[in-house]
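Novice: Give the three-dimensional model of this entry:
(one chain, ligands or ions: 1)
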Amino acid sequence: MAYIQFLGAAGVVTGSKHLVNVSGDQTGTTGFQVLIDCGLFQGQKEWRERNWQRLPIPPADIEAVILTHAHLDHSGWIPRLVKSGFKGPIYATPATIDLCSILLPDSGHLQEEDAAYYNKTRTSKHTPALPLYTMEEAQHCLEYFQPVDFGEPMQLRPEFGFRFVRAAHILGSCMVEITTEQDGKPVRLLFTGDIGRVRDSEVAPGRVVHSGPTEGETADVLVMESTYGNRLHPKTDPRPELARLIRETVQRGGTVVVPAFAVERTQKLLFMLRDLMDQNLIPRVPVHADSPMAIQAVKIFLKHSEEFSEDTKKLIDRCGSPLEWPGFFFDTTMQDSKKINDARSPMIIVSSSGMVTGGRIQHHLMQRLPDPKNLVLFIGFQAPGTRGYTIKSGAPSVKIFGEEIPIRAQVAALEQFSDHADTPELLSWLHTFKNAPQATYLVHGEPAASSQLRDAMTKDLGWNVQVAQYLQKVQVGNAVDRTKYQGENSA
Ligand SMILES: [Zn+2]
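Specialist: Now for the predicted structure:
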């Protein structure tokens, strides 16, 4: 028999971890066990505390990890897993491995900084507060990674094989197709990871990587994300609006400050800015990518040109490496960063973190928020409770480094930059399936998003869809457990 157990991203968008057990019994002490993704819980404290809990099975009993993509909510618990005794291979695409090699050590560094802060301010109930893992431990776990290309068949056991197919979410992102057996019959499991925008279009421009997840899939059991299960992306091209906002800010002598995640979102914006400049739609003001990670991420992007969209290919052919574009600066040292603060002529500053929870963006906002000439532009999701959310929601001031900073700058947001498919895009992708899965489990969504997507899928496709529950075990194959969780799911 085989089962799946949801160890994270159930009822929440972080902590993705799904255990697959084949040829074992229900106890979890026998069988071949593989973890699909090993993500960090992020956000509210009640979720983050789960990062400190033990898994229901000893990590040493897990034979392998198969990773869909590099985002920390999918990969950020790997160092903790290794620290807790896991010794197997971690399979990922080459681009995912490269991105993890910058994201995981940085995550370890932040864990250490947080622990040091708690110890200094004595704000943790644990003394001393310890990091979940250190930068060194994160670096060490990179040795366990093994590259697997898209489409390459991997047979880990006679009864367990897998391959990666495209998810088109970020560079290197993939879905995991698993082939196992139940009572001698082959069974196909598909784990989507995060699903990218479905097609190249005017409404999702600036795609650095290919658009569109692999179509025509077959699956007996589908485990699918539902982040945007109840939302629609705007259907307008954001570029005219982006150009207008920048032009107006520069005309009044202001600076544009964009909080953006250093990997993917920053590259996407830089490529778009260059394109707008070449078309003379925005003035050629200096552009500063002020994040030590952004330059490393650009190098990784350039290395994996096989994943580029047609637009990106053309842009790179025409303009060469962004690292050598005139007027584009990658600021690596604190001195570089401070110099930007001193300058008062119009410019565009792209800096992280994307939700202003930390990083150099805090210094830039402290400097630029009080002046109405400037523009703060959001191009990413802002979670409630973050400084980004406070600024975006129209608050008169925001606390940065303990100081209440007045918000007089113009604040704007463009919602079209998402790397997740919305509900109509998800449904149109599901319509390409060759069969209706016996069971679909929705993960990686807030409860309202997951349950609304379940209803939409049931109505539109007539499939058997359930919202996965934390720690729930579901049988794979003929004995799908439909009774036990129906009550909880209909909430
Ligand atoms: Zn993701």
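
Novice: drop to CA atoms for contacts and neighbour counts, all remaining ones
Specialist: OK.

Novice: burial measure for I66, as a count.
Specialist: Counted with other C-alpha atoms under 10 Å, residues neighbouring I66 total 25.

Novice: again with the one 10 residues further on
Specialist: For G76, the count of nearby residues is 27 (other C-alpha under 10 Å).

Novice: Start at 41, not 1
Specialist: Taking 41 as the first residue, the last one we looked at is G116.

Novice: mind listing what it touches?
Specialist: Shown in contact with G116 (C-alpha atoms under 8 Å, 6 or more residues apart in numbering): C78, G79, L80, L144, S147.

Novice: What distance do you get for it to A178?
Specialist: As for G116, its distance to A178 is 9 Å (criterion: C-alpha to C-alpha, to the nearest Å).

Novice: go on, F418?
Specialist: Distance from F418 to A178, by C-alpha to C-alpha: 30 Å.

Novice: Show me which of these two is the more surrounded one.
Specialist: The residue with more neighbours, out of F418 and A178, is A178; 27 against 23, by other C-alpha under 10 Å.

Novice: Can you read off the pLDDT for that one?
Specialist: The model reports A178 with a pLDDT of 98.

Novice: tell me what the strand of greatest length in the chain is packed against?
Specialist: Counting by DSSP state E, the longest strand found in the chain is strand 214-222. Here strand 214-222 touches strand 200-206, strand 225-231, going by 3 or more C-alpha pairs under 8 Å, 6 or more residues apart in numbering; DSSP states H and E.

Novice: Please work out which of the ones you listed is packed deepest.
Specialist: Of these, the one with the most neighbours on average (mean count of other C-alpha atoms under 10 Å) is strand 200-206, at a mean of 21.

Novice: quick one: buried residues of stretch 441-454?
Specialist: Within stretch 441-454, the residues that count as buried by 16 or more other C-alpha atoms under 10 Å are I445, P446, I447, R448, A449, Q450, V451, A452, L454.

Novice: Looking at the residues you listed, spot the one nearest E364.
Specialist: Nearest to E364, judged by C-alpha to C-alpha, of the buried residues of stretch 441-454 is L454 at 27.6 Å.

Novice: Minimum distance to A488: which of the helices and strands packed on strand 214-222 has it?
Specialist: strand 225-231 (21.0 Å).

Novice: Adjacent strands (with direction) for the closest one?
Specialist: Strand pairing for strand 225-231, using DSSP bridges, gives strand 214-222 (antiparallel), strand 261-265 (parallel).

Novice: just how off-centre is it within its chain?
Specialist: 25 Å (C-alpha atoms, centre = their mean, to the nearest Å).

Novice: what's the angle between that strand and strand 200-206?
Specialist: Computed by axes from the mean of the first three to the mean of the last three C-alpha atoms, to 10 degrees, the angle separating strand 225-231 from strand 200-206 equals 40 degrees.

Novice: neighbouring contacts of strand 225-231?
Specialist: With C-alpha under 8 Å, 6+ apart, strand 225-231 has contacts from 76, 215-221, 258-264, 516-517.

Novice: What count of nearby residues applies to P168?
Specialist: For P168, using other C-alpha under 10 Å, the count is 13.

Novice: Spit out the contact partners of it.
Specialist: Contacts of P168 by C-alpha under 8 Å, 6+ apart are N159.

Novice: Quick check: pLDDT value at the spatially closest residue to P98 that is not a sequence neighbour.
Specialist: Nearest residue to P98 in three dimensions, chain neighbours excluded: G125, at 7.8 Å (C-alpha to C-alpha, 6 or more residues apart in numbering). For G125, the pLDDT comes out at 97.

Novice: Of the strands paired with strand 225-231, which is nearest Q336?
Specialist: strand 214-222 (21.6 Å).

Novice: gap between the closest one and the chain center?
Specialist: 22 Å.

Novice: Alpha carbons of that strand, in PDB - could you do that?
Specialist: What follows is strand 214-222 as a C-alpha-only set of coordinates in PDB (Å, rounded to 0.1, in the frame of the first residue of the first chain):
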ATOM      1  CA  CYS A 214       9.000  22.000 -11.600                       C
ATOM      2  CA  MET A 215       6.200  19.600 -10.700                       C
ATOM      3  CA  VAL A 216       7.000  16.000  -9.500                       C
ATOM      4  CA  GLU A 217       5.400  13.100 -11.400                       C
ATOM      5  CA  ILE A 218       5.700   9.900  -9.300                       C
ATOM      6  CA  THR A 219       5.000   6.500 -10.600                       C
ATOM      7  CA  THR A 220       4.400   3.800  -8.000                       C
ATOM      8  CA  GLU A 221       2.200   0.800  -7.800                       C
ATOM      9  CA  GLN A 222      -0.900  -0.400  -5.800                       C
END
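
Novice: List the contacts of it.
Specialist: 41-42, 62, 106, 108-109, 133, 190, 199-208, 226-234, 516-518.

Novice: list the contacts for the spatially closest residue to G367 that is not a sequence neighbour?
Specialist: In space, and not counting its chain neighbours, G367 is closest to P326: 4.9 Å by C-alpha to C-alpha, 6+ apart. P326 sits next to G367, F368, F369, P386, M387, I388 when contact means C-alpha under 8 Å, 6+ apart.

Novice: which ones among those residues are found in strands?
Specialist: F368, F369, I388.

Novice: picking up where we left off before, please enumerate the shared neighbours of G116 and A178.
Specialist: Counting by C-alpha under 8 Å, 6+ apart, the residues touching both G116 and A178 are L144, S147.

Novice: that older thread, out of the ones in strands among the contacts of P326, grab the one that's most surrounded.
Specialist: I388 (22 neighbours).

Novice: Beta-bridge partners for that one, please?
Specialist: V296, V327.

Novice: quick one: it from N381, how far?
Specialist: The value you get for I388 to N381, if C-alpha to C-alpha is used, is 12 Å.

Novice: Over to V514?
Specialist: Distance from V514 to N381, by C-alpha to C-alpha: 54 Å.

Novice: what about those two, which has more around it?
Specialist: V514 (22 against 15).

Novice: Contacts for stretch 364-384, please.
Specialist: Contacts of stretch 364-384 (C-alpha under 8 Å, 6+ apart): 295, 324-332, 334-335, 359, 362-363, 400, 403-404, 407.
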